[in-house]
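Trainee: missing the sequence, but the structure's below:
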C-alpha cells in the first residue's frame with residue numbers, strides 16, 4: 001500500500017515538475033527579444049525587390065521588430081504588410097527558437113510588359129497587372145494596342161499558350177491588340193507579323209502555324225514573307241515582302 005502511495009506521489013511530483021519547467025520555459029521564451037531578421041527569397045530570386053526593402057516592411061506599431069519581446073510580435077500583421085507590396089506574390093513570417101524573425105518571400109513573376117500611352121507595367125504569371133521595378137527589367141514580350149487593362153484575362157490566356165509552346169516562346173517578342181479583340185504577334189524571324197485574330201480555336205491556329213514554319217524552313221521560303229495570317233480555320237495565308245529594284 002505504501003509503495004503504491006509513493007509511486008502515486010512520485011508521478012504527481014514528476015508531472016508538477018514538467019508543468020513548472022514548461023511554464024518557466026514559456027515565460028522565458030515570451031520575454032526573450034527578437035535578436036535578428038532572416039529574409040529568404042523563394043528559389044533565391046530577388047530580382048524585383050531586395051532584402052532591404054523587405055526589412056522596411058517588418059514594422060509593428062511604427063517600430064522595427066528588432067529588440068521587441070517575442071510575445072508582442074504579430075506574425076499575421078507582418079505577413080499582411082509584406083503581401084501588400086506590389087512585387088510580392090506570397091509571404092510567410094515565423095519566429096525561430098533562437099529569437100529570429102524569419103520572412104520567406106515569393107516574388108511575382110512577369111510574363112509580358114505593356115506599353116500604352118507612355119505608361120508601362122507588367123502582366124504577371126497570374127494574369128494581373130504588376131508595376132515595373134527600379135532594380136531589374138524583365139526580358140519579356142512587349143504588348144501594345146487598345147483596351148489592354150480591361151482584357152487581361154484574354155491576354156493572359158494568349159500569353160500562356162505562347163509560353164507553353166517552345167517555338168512561340170523563343171520567337172515571339174511582341175503582341176499588338178486591336179479594338180476588334182484581334183491580335184498580331186511580332187516575331188524575331190525577320191520582324192514577321194503573325195495575324196492570329198481572336199483567341200478562339202487558338203490551339204488549332206498554333207498547330208497550323210507550326211506546320212507552316214516547319215515546311216517553310218525546309219523549303220527556305222520563310223524569309224519571303226512579312227505577314228502570316230492564321231485567322232481562318234485550317235488556313236495559312238501569307239503576304240510576300242515587296243521586292244525593291246536596285
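Mentor: Yep, that arrived. Quantities reported herein were computed from a predicted structural model and do not represent experimental measurements. Numbers count the residues shown, from 1 in each chain.
Trainee: in stretch 224-231, what counts as buried?
Mentor: Residues of stretch 224-231 classed as buried by neighbour count (16 or more other CB atoms under 10 Å): 225, 228, 229, 230, 231. In this view, the C-beta of every residue, glycine as well, is placed from N, C-alpha and C.
Trainee: so where do the helices sit in the chain?
Mentor: For the chain, helices defined by DSSP state H occupy the ranges 2-31, 51-57, 75-83, 152-163, 166-171, 202-218.
Trainee: which of the buried residues of stretch 224-231 lies closest to residue 179?
Mentor: residue 231 (15.8 Å; CB to CB).
Trainee: Can you name the residues that contact that closest one?
Mentor: Residue 231 makes contact with 182, 195, 196, 197, 205, according to CB atoms under 8 Å, 6 or more residues apart in numbering.
Trainee: For burial, what's the neighbour tally of the third one?
Mentor: Residue neighbour count, defined by other CB atoms under 10 Å, stands at 23 for residue 196.
Trainee: Roughly how far does residue 240 sit from residue 65?
Mentor: As judged by CB to CB, to the nearest Å, residue 240 and residue 65 stand 66 Å apart.
Trainee: more crowded one of these two?
Mentor: The neighbour comparison of residue 240 against residue 65 (other CB under 10 Å) goes to residue 65, with 24 against 10.
Trainee: mind putting the buried residues of stretch 224-231 in JSON lines, pLDDT and distance to residue 94 included?
Mentor: Rendered in JSON lines, the data for these read as follows (pLDDT from 0 to 100; distance: CB to CB, whole Å):
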{"residue": "225", "pLDDT": "77", "distance to residue 94": "57"}
{"residue": "228", "pLDDT": "89", "distance to residue 94": "53"}
{"residue": "229", "pLDDT": "90", "distance to residue 94": "55"}
{"residue": "230", "pLDDT": "90", "distance to residue 94": "51"}
{"residue": "231", "pLDDT": "89", "distance to residue 94": "53"}
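Trainee: How about residue 98: what's its closest non-neighbour residue?
Mentor: Nearest residue to residue 98, sequence neighbours excluded (CB to CB, 6 or more residues apart in numbering): residue 35, at 7.2 Å.
Trainee: Any figure for the gap between the one you found and residue 94?
Mentor: Using CB to CB, we find residue 35 at a distance of 14 Å from residue 94.
Trainee: Ok, residue 239 next?
Mentor: With distances taken as CB to CB, residue 239 is found 59 Å from residue 94.
Trainee: where does the protein dip in pLDDT?
Mentor: 1-31, 62, 189-191, 216-223, 242-246 (pLDDT under 70).
Trainee: All good on my end, thank you.
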